[in-house]
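>>> What would the 3D arrangement of this be:
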Amino acid sequence: MDFKSRATELLSNGQWIEEEDNRIISKAFYKEYDQQKANELHYVSVDGAIYLTREESWKENKLGRIYQPTDIVEVSPKRTELTKSTYVTHLGTIKSLWLRWITI
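Residues are numbered from 1 along each chain as shown. Next up, the predicted model:
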């Protein structure tokens, strides 16, 4: 497929937005965890929503927040705060979510 045909196809269906977002995410935000840290205790908070897409029927959107006990500080006797955490997001099925997250 030549450049003009490919560009027309991408512009017509909005696929270019997803491809550009994925490129930016993989270049600027994606990182691997240090193997030594992977064996330490981590907490994970997860929430999500299910919504109807035009192209592929129902999909799940999940957002996870990963942090360690050392990232929790006491601000006052009744309040704590996280000083550092990592956010992970996923769009797809629950099976693909767990396959992805168990490799983090």
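>>> And the helices in the protein?
Secondary structure of the chain by DSSP state H: the helices cover 3-13, 15-24, 35-38, 94-101.
>>> so who does the most centrally placed residue in the chain touch?
The residue lying closest to the centre of the chain (C-alpha atoms, centre = their mean) is Thr89, at 2.1 Å. Going by C-beta atoms under 8 Å, 6 or more residues apart in numbering, Thr89 touches 61-64. Where you see a C-beta, it was placed from the backbone N, CA and C, and this is true even at glycine.
>>> Which of these sits closest to Asp2?
Asn61 (35.2 Å; C-beta to C-beta).
>>> Isn't the closest one up against His90?
Yes. Using C-beta atoms under 8 Å, Asn61 is in contact with His90, at 7.4 Å.
>>> out of the two, which sits in the more crowded spot?
Applying other C-beta atoms under 10 Å to Asn61 and His90 shows that His90 carries more neighbours, namely 20 against 14.
>>> buried sites along stretch 42-54?
Judged by neighbour count using 16 or more other C-beta atoms under 10 Å, the buried positions of stretch 42-54 are His42.
>>> Now do it, average pLDDT.
Averaging pLDDT along stretch 42-54 gives 83.
>>> ok, residues contacting it?
Here stretch 42-54 has contacts from 58-69, using C-beta under 8 Å, 6+ apart.
>>> Got a PyMOL select line for the buried ones in those residues?
Here is the PyMOL selection string for the buried members of these, based on 16+ other C-beta under 10 Å:
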select buried, resi 62+64+66+67
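>>> of the contacts of stretch 42-54, closest to Phe3?
Distances from Phe3 to the contacts of stretch 42-54, taken by C-beta to C-beta, are shortest for Lys59, at 30.8 Å.
>>> gap between the nearest residue to the closest one once chain neighbours are set aside and Asn61?
Leaving aside its chain neighbours, Lys59 sits nearest to Thr53 (5.3 Å; criterion: C-beta to C-beta, 6 or more residues apart in numbering). Distance, Thr53 to Asn61, by C-beta to C-beta, to the nearest Å: 10 Å.
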